[in-house]
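Asker: Got a predicted model here, sequence first, then my questions.
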Amino acid sequence: MEHIEIATPRRCCCVDVTSRVQAALARQGVESGAALICSLHTTAGVTLNENADPDVMEDVLAALARLVPRQGSYRHAEGNSDAHLKTCLVGVSVTLPVEAGRLVLGRWQGIYLCEFDGPRARRLLVQTLRA
Amino acid sequence: MEHIEIATPRRCCCVDVTSRVQAALARQGVESGAALICSLHTTAGVTLNENADPDVMEDVLAALARLVPRQGSYRHAEGNSDAHLKTCLVGVSVTLPVEAGRLVLGRWQGIYLCEFDGPRARRLLVQTLRA
Amino acid sequence: MEHIEIATPRRCCCVDVTSRVQAALARQGVESGAALICSLHTTAGVTLNENADPDVMEDVLAALARLVPRQGSYRHAEGNSDAHLKTCLVGVSVTLPVEAGRLVLGRWQGIYLCEFDGPRARRLLVQTLRA
């Protein structure tokens, strides 16, 4: 099991962690199976999406902000209910196939930490599983 | 493989199943790997979120109700289309890392069955996978 | 690892791939564990939901279209930002338990490829993991 530490720069942002996950995987030495990538947080998720045009993830963040406004009639008093809700919608983990010791990703797929209540120090966990 | 039976008390609610998942995991005796927790239903999901302030999950339920109203121009005639949609948004399973025979969770993370069309008898399945 | 090729017929549609996933699983010969089913795309996801009444998945597509309109003030210039967003909401993979060489699914659960920017040639990947 490996940890990846990420210092997120803004309240809401998506940080591409693909190469760091790949490096963590290489250190674990699994040839064939899967990699589980988990956020250990309740206001930051993990998703896969386009890694070519950074506007795509900006559109994702803007759409989530429209669906789940920061201000609202929330009960939770910490002012970050929107971040909890977005995390439930996006999810906190992805599981990816591994072949020949590498992640199997589509041509346009990158792995993103989705920060919804930063800036903060965040931690992802990478666990490999055998086929 | 283990089953967890849950009698949900209301139409929409989130039930913390973390300790029951941990107990099921202990019975399976896996030291290192992952635990897959699945809902076997199409109107109840599984998610991870805050286990400290119960208002967080109430906010999640309220926000989902706002995004996906119970009444609408749905085709499905059973009157629970909203529950199917919410289940797709939240997801029906989570996969969590396991180390030293225990779930690896963040400090504030709990595992919730999300009931969207209760009250009902629900069943979660816990399957362990080896690292 | 097995691939499933799907030619989607419309821009937005849900294609039931349950029997094809089951067949891919049988070829891999895993008795007990899990199956990871992944979309290798950024505008098509994978979900589990009702396989009895096809109106359910039509309701899911209609609700997603309402939440994430095709036209909007998106930055990404390809005109398919809605498809990227929907893919983030639905997710690109599911992990399912396997017992006695077969998927463990609830009575009403089917596995769907969710096409959000078709018609296209799509590819799912099925990887088995050992218990």
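Answerer: That came through, no problem. Owing to the predicted nature of the structure, the values given are computational and were not obtained by experimental measurement.

Asker: Which positions in chain A make contact with chain B?
Answerer: Within chain A, the positions near chain B by Cβ under 8 Å from any Cβ of the partner chain are A:1, A:36, A:38-42, A:67-68, A:72-78, A:81, A:84-85, A:87-89, A:91-93, A:95, A:123, A:125, A:127-130. Every C-beta, even on glycine, is put in place using the N, C-alpha and C of the backbone.

Asker: Spell out which residues of chain A are next to chain C.
Answerer: Counting by Cβ under 8 Å from any Cβ, chain A sits next to chain C at A:32-34, A:47-50, A:53, A:55-56, A:58-60, A:62-63, A:67, A:89-91, A:94-97, A:99, A:104-109, A:129-131.

Asker: Secondary structure element holding A:Gly79?
Answerer: Per DSSP states H and E, A:Gly79 falls between elements, in no helix or strand.

Asker: which among the residues of chain A next to chain B end up buried?
Answerer: Buried subset of the residues of chain A next to chain B (neighbour count, 16 or more other Cβ atoms under 10 Å in any protein chain shown): A:1, A:36, A:38-42, A:67-68, A:74, A:76, A:81, A:84-85, A:87-89, A:91-93, A:95, A:123, A:125, A:127-130.

Asker: so A:Arg20, which of the three states?
Answerer: Per DSSP: H, G, I helix; E, B strand; the rest coil, the local secondary structure of A:Arg20 is helix.

Asker: That one: neighbour count?
Answerer: Counted with other Cβ atoms under 10 Å in any protein chain shown, residues neighbouring A:Arg20 total 19.

Asker: Now, the residues of chain A next to chain C that are in strands?
Answerer: A:33-34, A:47-50, A:94-97, A:99, A:109, A:129-130 (DSSP state E).

Asker: got the contact list for the closest residue to chain C within chain A?
Answerer: Per Cβ to the nearest Cβ, A:Gly106 is where chain A lies closest to chain C, at 3.3 Å. Residues near A:Gly106 by Cβ atoms under 8 Å, 6 or more residues apart in numbering or on different chains: C:Ser39, C:Leu40, C:His41, C:Thr42, C:Arg123.

Asker: Look up how far chain B lies from the second one.
Answerer: Looking back up the chat, that one is C:Leu40. 19 Å (Cβ to the nearest Cβ, to the nearest Å).

Asker: residues contacting A:Ala34?
Answerer: A:Ala34 touches A:Thr95, A:Leu96, A:Pro97, A:Val98, A:Thr128, A:Leu129, A:Ala131, C:Leu36, C:Gln127, C:Leu129, counting by Cβ under 8 Å, 6+ apart.
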